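Q: Structure of the sequence below:
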Amino acid sequence: MKRHWKQFLVMFTLSWLAGATMVTLVIAHYAAEDFSLLDLTPMYLILAVFGLLLASTVSLPVLLFLQRRFPNGKAALLYPLTNTLLVALLAATATGSGAFILKNLPIGEAVTFTGAFTMMGLAFSLAFLKLYGEGWTQHWMTTLVCIFLTVCAIAMTTFKLPFIEEALLSSAANGSVTRAITMSVPRSAHTATLLADGRVLLIGGMVSVRGEEVYTASTEIYDPKTGAIKSSRNMSAPRAGHTATRLADGNVLVTGGGNELGTLTTAELYRTTIGDFIPVGSMLAPRERHSATLLVDGRVLITGGTVTQPSKTADLYDPKSGTFSPAAPMHARRAAHSSTLLNDGRVLIAGGAESLESVLRSVETYDPATNSFTEAGQMQVSRYKHAAVLLEDGKILLLGGSDERDWSGRRISVEIYDPANNRSQIVGSMRRARFKFPNAVALAGNGNIIVSGGGRRVEIYGSANRFAVSGGSVEDEWFYATATSLPDDRVFIAGGYNSSLIPTRQAWLYQPPVESNQKLAHEIAINNQE
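A: Numbers count the residues shown, from 1 in each chain. Below you'll find the model as predicted:
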């Protein structure tokens, strides 16, 4: 009896390690934000308590029964399959009831726990096969095979669980995503600018990311009225990581970026009436991953930028003279930060990297009336390669991003910064940790914020301070994609590169739910009557 207890504890310990490993990998890769093993202790304890219950009352009796009923060595392959399916069914039933009937368990946790208990059932079965099996199951090769199967199962489950969760959360009631058009070339780290006539101008970007990066000077224009896209004239130089700002006169100012020759100081102007690009001089410093913000007086504030050596300098572009002049320097060096025009005419600068080893929490504001930057508190966490959106109440929604660990430090949290008191607070989390999506978040006409980029599904942030998941999908986690809010309340999503560093030529349309369109039309009709 003592020997059996020792073997049982060995089997259970191995199964718990498999489940805990899977949970850790899922949290770390898809939803991590400064988490530690201590933060996962409650989940580990749940796996231990309920896993022990399942192992002692379900798995072990079932495996012993199968061994007695089917003693043939070849039939032993049925042991892990049968037990794993049974445990998965029980776990899915229990967690599904909590998520969909009792509604006391988040869907994401229900999916994660189901996957973890399934892994525990598989590992327990394979350990049983090794310890209690006969003949070939006792051979040392069996141990290697069991370890290999467990590792493969953990890896596969870790990869698939987030997609299962998103599929369960997605609903056409939150809008839907469908393919729109195919661009002439792949694009990532490009820009997409809504023109005054409702068309979208796509500029530059990288057409190849893996290995030697390849940049493009090509541009094209998407017309949402006809659903067609056509090539436009090329820029004077290829560029990616640049900015494109629509000016008060409808022309588009393109600044900086990088190409095969390095980081650029040059800028050019897209003239909408002619459809061409003309040079407009150079900025006072080379800039890539910088920001450009249209000020109330028509000038453009350009701040920070460059990748390996972030800058604190700033430029002002005056469209009347077509020249750049120096603005006051920021308080901190910043690249891949956010820059948002506030309702009072100031500009909020948030986060960014001050070096390859340091990402900032600090916030500062620029006042064009005094040409000065003022320190304005801190975010709750450090962020760069994040997104920022001005809300209707004048506050700023700051989403995702990463810390200095980059890919390994992706953030899921969302906070709201209040410029009235220079304070910020966490208000929730997206469904998926996202970064490299500064231009892939758009404010739709109905007031909802559409979040794309860095994930397969589009998320919608509304007045309830929660993130819903739309129906349909953009088919991969596209980094440095763009999202452009169209006049008809749809959102045009284009380009980006996936985790394999392969850019796409594809573009999609997010269509809000019918009820949202009807509500918006009703509000417009009331306003017209008034």
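
Q: Go through stretch 319-327 and flag the buried ones.
A: Pro319, Phe324, Ala327 (16 or more other CB atoms under 10 Å). Heads up, the C-betas are built off the backbone N, CA and C, glycines and all.

Q: Just put the residues you listed in a markdown table and tack on pLDDT.
A: Below are these laid out as a markdown table (pLDDT from 0 to 100):
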| residue | pLDDT |
| --- | --- |
| Pro319 | 97 |
| Phe324 | 97 |
| Ala327 | 98 |
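
Q: Pipe these into TSV and attach secondary structure and distance to Ala189 per row.
A: Shown next, in TSV, are the buried residues of stretch 319-327 (DSSP: H, G, I helix; E, B strand; the rest coil; distance: CB to CB, whole Å):
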residue	secondary structure	distance to Ala189
Pro319	coil	25
Phe324	strand	23
Ala327	strand	25
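
Q: Identify, from the residues you listed, the entry nearest to Gly351.
A: The nearest member of those to Gly351, counting by CB to CB, is Ala327 at 19.3 Å.

Q: Bridge partners for the nearest residue to that closest one once chain neighbours are set aside, pull those for me.
A: Take Ala327 and drop its neighbours on the chain: the residue closest to it by CB to CB, 6 or more residues apart in numbering is Ala314, 3.9 Å away. In this entry, Ala314 is beta-bridged to Thr303, Ala327, by DSSP bridges.

Q: isn't Ala314 right next to His331, touching?
A: No: counting by CB atoms under 8 Å, His331 is not a contact partner of Ala314; they are 11.1 Å apart.

Q: Overlap in contacts, the two.
A: Both Ala314 and His331 are contacted by Phe373, under the criterion CB atoms under 8 Å, 6 or more residues apart in numbering.

Q: hang on, the earlier thing: can you get me a residue count around the residue nearest to Ala327?
A: Here the number of neighbours of Ala314 (other CB atoms under 10 Å) works out to 28.

Q: per-residue pLDDT, it?
A: As predicted, Ala314 sits at a pLDDT of 98.

Q: what helices or strands is the lengthiest strand in the chain leaning on?
A: In the chain, taking DSSP state E as the definition, the longest strand is strand 170-187. Applying 3 or more CB pairs under 8 Å, 6 or more residues apart in numbering; DSSP states H and E, one finds that strand 170-187 contacts strand 206-208, strand 219-223, strand 228-232, strand 467-472, strand 491-494, strand 504-511.

Q: now the end-to-end length of stretch 494-506.
A: 6 Å (CA to CA, to the nearest Å).

Q: which residues touch that stretch?
A: So stretch 494-506 is in contact with 179, 182-188, 190, 192, 200, 202, 205-210, 222, 440, 453, 474-482, 484, 507-508, going by CB under 8 Å, 6+ apart.

Q: Turn the buried ones among those into a named PyMOL selection, would you?
A: In PyMOL, this line selects whichever of these come out buried by 16+ other CB under 10 Å:
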select buried, resi 183+184+185+186+187+188+190+192+200+202+205+206+207+208+209+222+440+453+474+476+477+478+479+480+481+482+484+507+508
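
Q: show me the contacts for the residue nearest to His337 when sequence neighbours are not counted.
A: Nearest residue to His337, sequence neighbours excluded (CB to CB, 6+ apart): Gly352, at 2.7 Å. Gly352 makes contact with Gly304, Pro310, Ala332, Arg334, Ala335, Ala336, His337, Ser338, Val359, Leu360, Tyr384 under the criterion CB under 8 Å, 6+ apart.

Q: Just the buried ones from those?
A: Gly304, Pro310, Ala332, Arg334, Ala335, Ala336, His337, Ser338, Val359, Leu360, Tyr384.

Q: for the third one, helix, strand, or coil?
A: In three-state terms, and counting by DSSP: H, G, I helix; E, B strand; the rest coil, Ala332 is coil.

Q: Average pLDDT for stretch 154-168, rounded please.
A: Mean predicted confidence for stretch 154-168 is 86.

Q: Flag every buried residue along it.
A: Those would be Ile154, Thr157, Thr158, Leu161, Pro162, Ile164, Glu165, Glu166, Leu168, for stretch 154-168 by 16+ other CB under 10 Å.

Q: how about Glu165, secondary structure?
A: helix.

Q: Check whether it really touches Phe113, as I assumed.
A: No: contact criterion CB under 8 Å: Glu165 and Phe113 do not qualify, at 11.4 Å.
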